[in-house]
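Asks: Coordinates for the following, if possible.
(one chain, ligands or ions: 1)
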Amino acid sequence: MAAYRQGKPAPDEAFKLSSNENPFEPIDAILEAIAESSINRYPDGSASAVRARIAQRHGVDIESVHVGAGSVAILAQLIQAAAGSGDEVVYAWRSFEAYPGLVTVAGATSVTVPIDESDGSHDLAAMAAAVTGRTRLILVCSPNNPTGAAVSADAFADFMGTVPRNVLVVLDEAYAEFVTDPTAVSGIGLLDDYPNLVVLRTFSKAYGLAGLRFGYAIGPAYVLDAARTAAIPLSVIEPAQRAAIAALDNEEFLLERVARISALRDEVWRALLEQGWSIPHPQGNFVWFATGEHTAAAAEIFLKHGIVVRALGSDGLRVSIGEAESVGKLLAAAEEVVQNLPTAHARTGLD
Ligand SMILES: Cc1ncc(COP(=O)(O)O)c(C=O)c1O
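Replies: Next up, the predicted model:
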């Protein structure tokens, strides 16, 4: 197995747009909350204060909330709790790079269903059809990292209607707060309808706490109890718990920043359409370029313009929406790519 690779560090003067991070500095209230932590003591292993706050925020009870050192930790726990040797985990591909490794480490088998190349969306009918007697878990990523497409609420309802109730569905909504498409699914309001659904959220992206590692799941208590059993105890540290509470106390301010990032994303997207790219409306804090076999060459062009991107094999590039000052460079690089890499252009479907 190849080890998980992080986004490349940026050379001096370059913008690191390879990890879908939030470009804004933390607010004072969060820094103050972190400073109040007693780091000579272990954290509250049950994370009761922050779980209560998240439960209140979403109108659920505290037993329906589980927290982890990043939502990826909860993903690992759920996969380990639900699937083992001989079991199958279904997910779309391309999707979040961590999925294949987490499934393999759990001893289970990945069953991947190709993303619809025309719009980067999940083929949920094909994913439901891929369920066998061995399927334990299905991962649905909306908006999808890296293609940016969100699953529609209607398509998700149809899908949940066909998936057997003994198969766990994990809806990974790491980028939910950036979604502006009103037809997109939002999982938390659906939890009462489906006893086999868990929704994953994170403070890494919208709330700018990637470095503190704090994510959460909302779902049925009996499923989350299984995840808690598979968790490494005490891995969610007190500074992260305190920072998450401070972020929720200042949510309106932080979500206004999120709205600015989404607006910048839309500006970038429209400019790319004008350059000749055919990219479906992205719903996360990143843009996907289907550069195919030219991906490595295109990544070099972006780097030459001072933009570090995430190059994903021979499928494409993912570029985060970061500092406003990076946008000119991003667009200059994209223009050079679309002008000089004809096959990449062809893959956009515009010829
Ligand atoms: C789709 C998706 N899910 C989960 C994560 C993990 O986020 P974290 O572990 O920082 O909460 C990421 C991070 O990039 C992601 O893109």
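Asks: show me what contacts Asp44?
Replies: Contacts for Asp44 (C-beta atoms under 8 Å, 6 or more residues apart in numbering) come out as 238, 241. (Glycine included, C-beta is placed from N, CA and C.)
Asks: Can you pull the residues of the stretch 151-300 of the chain lying near the ligand?
Replies: 172, 174, 202, 204, 210, 215 (C-beta under 6 Å from any ligand atom).
Asks: Nearest residue to the closest residue to the ligand within the stretch 251-351 of the chain in space, please, no chain neighbours.
Replies: Closest to the ligand within the stretch 251-351 of the chain is Gly284: 7.9 Å, counting by C-beta to the nearest ligand atom. In this structure, Gly284 finds its nearest non-sequential neighbour in Tyr175, 3.6 Å apart by C-beta to C-beta, 6 or more residues apart in numbering.
Asks: so what's the one you found up against?
Replies: For Tyr175, the contact set (C-beta under 8 Å, 6+ apart) comprises 20, 143, 145, 205-206, 283-285.
Asks: Could you list the low-pLDDT ranges of the stretch 251-351 of the chain?
Replies: 342-351 (pLDDT under 70).
Asks: hey, where'd the helices end up in it?
Replies: 251-275, 295-304, 327-340, 342-347 (DSSP state H, counting those that start in this stretch).
Asks: Make CSV out of the ones you listed and add mean neighbour count and distance to Leu102.
Replies: Shown next, in CSV, are the helices of the stretch 251-351 of the chain (neighbours: other C-beta atoms under 10 Å; distance: least, C-beta to C-beta, whole Å):
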stretch, mean neighbour count, distance to Leu102
helix 251-275, 16, 27
helix 295-304, 19, 24
helix 327-340, 18, 31
helix 342-347, 16, 29
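Asks: which one of those helices lies closest to Gly316?
Replies: Comparing the helices of the stretch 251-351 of the chain by their distance to Gly316 (C-beta to C-beta), the top pick is helix 295-304, with 5.9 Å.
Asks: Now do the closest one: which elements does it pack against?
Replies: strand 310-312, strand 316-320, helix 327-340 (3 or more C-beta pairs under 8 Å, 6 or more residues apart in numbering; DSSP states H and E).
Asks: Pretty sure Leu191 sits against Leu197.
Replies: Yes. Counting by C-beta atoms under 8 Å, Leu197 is a contact partner of Leu191 at 5.9 Å.
Asks: Who are the contact partners of the residue nearest to Leu303 when sequence neighbours are not counted?
Replies: Sequence neighbours aside, Ala14 is the residue nearest to Leu303 in space, at 7.0 Å (criterion: C-beta to C-beta, 6+ apart). Contacts for Ala14 (C-beta under 8 Å, 6+ apart) come out as 303, 306-308.
Asks: and Ala14, what pLDDT?
Replies: You'll see Ala14 listed with a pLDDT of 94.
Asks: Redo the residues of the stretch 151-300 of the chain next to the ligand as a markdown table? Include secondary structure.
Replies: Output for those, formatted as a markdown table (DSSP: H, G, I helix; E, B strand; the rest coil):
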| residue | secondary structure |
| --- | --- |
| Asp172 | strand |
| Ala174 | coil |
| Thr202 | strand |
| Ser204 | coil |
| Ala210 | helix |
| Gly215 | strand |
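Asks: Just among the residues you listed, which is most surrounded?
Replies: Per-residue neighbour counts (other C-beta atoms under 10 Å) across those peak at Asp172, which has 30 neighbours.
Asks: quick one on the thing from earlier: okay, and the common contacts of Leu191 and Leu197?
Replies: Shared contacts of Leu191 and Leu197, defined by C-beta under 8 Å, 6+ apart, comprise 219-220.
Asks: circling back to that earlier point, go through the helices and strands packed on helix 295-304 and name the closest to Ala153.
Replies: Per C-beta to C-beta, nearest to Ala153 of the helices and strands packed on helix 295-304: strand 316-320, 24.8 Å.
Asks: Okay, angle between the closest one and helix 251-275 too, please.
Replies: 140 degrees (axes from the mean of the first three to the mean of the last three C-alpha atoms, to 10 degrees).
Asks: at contact distance from the ligand, anything in strand 316-320?
Replies: No. Using C-beta under 6 Å from any ligand atom, we find that strand 316-320 stays clear of the ligand, coming within 9.5 Å at best.
Asks: which strands and helices sit next to that strand?
Replies: strand 286-289, helix 295-304, strand 310-312.
Asks: Contacts only, for the closest residue to the ligand within the stretch 1-150 of the chain.
Replies: Nearest residue of the stretch 1-150 of the chain to the ligand, counting by C-beta to the nearest ligand atom: Gly70, 2.6 Å away. Residues near Gly70 by C-beta under 8 Å, 6+ apart: 202, 204, 213-215.
Asks: And the protein, split by domain according to the record?
Replies: 15-23+252-347, 37-249 (automatic domain parsing).
Asks: Quick one: the ones you listed as TSV, columns for distance to Gln6 too.
Replies: Below are the domains of the chain laid out as TSV (distance: least, C-beta to C-beta, whole Å):
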stretch	distance to Gln6
domain 15-23+252-347	7
domain 37-249	10
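Asks: Tell me which of those lies nearest to Ile30.
Replies: domain 37-249 (4.7 Å).
Asks: which residue ranges form the strands in the stretch 151-300 of the chain?
Replies: Secondary structure of the stretch 151-300 of the chain (DSSP state E, counting those that start in this stretch): strands at 168-172, 197-202, 215-218, 286-289.
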